[in-house]
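Visitor: Pasting the sequence and the predicted model now:
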Amino acid sequence: MNARRAATAALLAAVITTAGCTADSEPTASNKSTPAATKAASSAKPSESTPEPPRALGETFTWTSDEGYTFGTTVMGYEQDVAKNSVSADEEFDTDGYVWAAVELKVCLKKGKAGVTRYPWALAYADGTRIEPSTVTYGDFPKPEYPYEAQLKAGDCVRGKTVFAVPGNQRPERILYTSESLPEDAEWAVPK
């Protein structure tokens, strides 16, 4: 029985020692970068570089995904305190002081065939808060509504408004496009 314990302890020590050394040696199967991750990492700006300033509303951001799809992405506008005749944002989400806000978006696919959705979009506030699009819709939400999901082919565009429940006494600083295909978020400044 002591020989079995000694063998188990030796095996455990060898595993722990080997595991501790893998960080400084050749990558293991679990920590190798995939080609997509390598491409994203290689195209990302170095951490010492100055981040790109937010774009102005109406300015198009053109980018190519890891899969080779080329998009033109634009934030056309921001409105706060919209849809006053529907269920209020406070009633919908059990909040206090929240209102509905709308962001008008336009995405065009220049190359390839791909899907788009409203979910990579977010509002960023000065205090670090980020708010995602509402998962509900009401009849008096601003039209046309940006689709929850849509398929595009080269040359197609989709344009519409996405609604967010936001604090009524604050305005976001930036509108973010947070696609995982981007090395860093695309940003548009919200006018005061």
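Guide: Happy to help now that I have it.

Visitor: Report pLDDT for I175.
Guide: Here, the pLDDT recorded for I175 equals 98.

Visitor: how about the strands in this protein?
Guide: Using DSSP state E, the strands assigned to the chain run over residues 60-64, 70-82, 98-111, 113-117, 121-124, 130-131, 149-153, 157-167, 174-177, 186-189.

Visitor: Would you mind giving those strands as a markdown table with mean neighbour count and distance to E91 added?
Guide: Glycine gets a C-beta too; all of them are placed from N, C-alpha and C. A markdown table is the format used below for the strands of the chain (neighbours: other CB atoms under 10 Å; distance: least, CB to CB, whole Å):
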| stretch | mean neighbour count | distance to E91 |
| --- | --- | --- |
| strand 60-64 | 14 | 35 |
| strand 70-82 | 18 | 15 |
| strand 98-111 | 21 | 10 |
| strand 113-117 | 16 | 26 |
| strand 121-124 | 20 | 20 |
| strand 130-131 | 14 | 17 |
| strand 149-153 | 13 | 27 |
| strand 157-167 | 20 | 10 |
| strand 174-177 | 20 | 25 |
| strand 186-189 | 20 | 29 |
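
Visitor: mind putting those strands in TSV, distance to K143 included?
Guide: Converted to TSV, these look like this (distance: least, CB to CB, whole Å):
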stretch	distance to K143
strand 60-64	23
strand 70-82	11
strand 98-111	10
strand 113-117	18
strand 121-124	18
strand 130-131	21
strand 149-153	16
strand 157-167	7
strand 174-177	19
strand 186-189	21
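
Visitor: Compare these and give me the one nearest E92.
Guide: The closest of the strands of the chain to E92 is strand 157-167. By CB to CB, the value is 6.7 Å.

Visitor: Measure how the closest one sits relative to strand 113-117, angle-wise.
Guide: Put simply, strand 157-167 runs at 20 degrees to strand 113-117, going by axes from the mean of the first three to the mean of the last three CA atoms, to 10 degrees.

Visitor: Now do strand 157-167, average pLDDT.
Guide: Throughout strand 157-167, pLDDT has a mean value of 97.

Visitor: packing partners for that strand?
Guide: Secondary-structure packing of strand 157-167 (3 or more CB pairs under 8 Å, 6 or more residues apart in numbering; DSSP states H and E): strand 70-82, helix 89-93, strand 98-111, strand 121-124, strand 130-131.

Visitor: domain assignment for this protein?
Guide: Domain segmentation of the chain under automatic domain parsing yields 1-32, 55-189.

Visitor: ok, of the ones you listed, where does mean pLDDT dip lowest?
Guide: Sorting the domains of the chain by mean pLDDT places domain 1-32 lowest, at a mean of 33.

Visitor: JSON lines for the helices and strands packed on strand 157-167, including distance to P142?
Guide: As requested, the helices and strands packed on strand 157-167 are exported to JSON lines (distance: least, CB to CB, whole Å):
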{"stretch": "strand 70-82", "distance to P142": "5"}
{"stretch": "helix 89-93", "distance to P142": "14"}
{"stretch": "strand 98-111", "distance to P142": "5"}
{"stretch": "strand 121-124", "distance to P142": "15"}
{"stretch": "strand 130-131", "distance to P142": "17"}
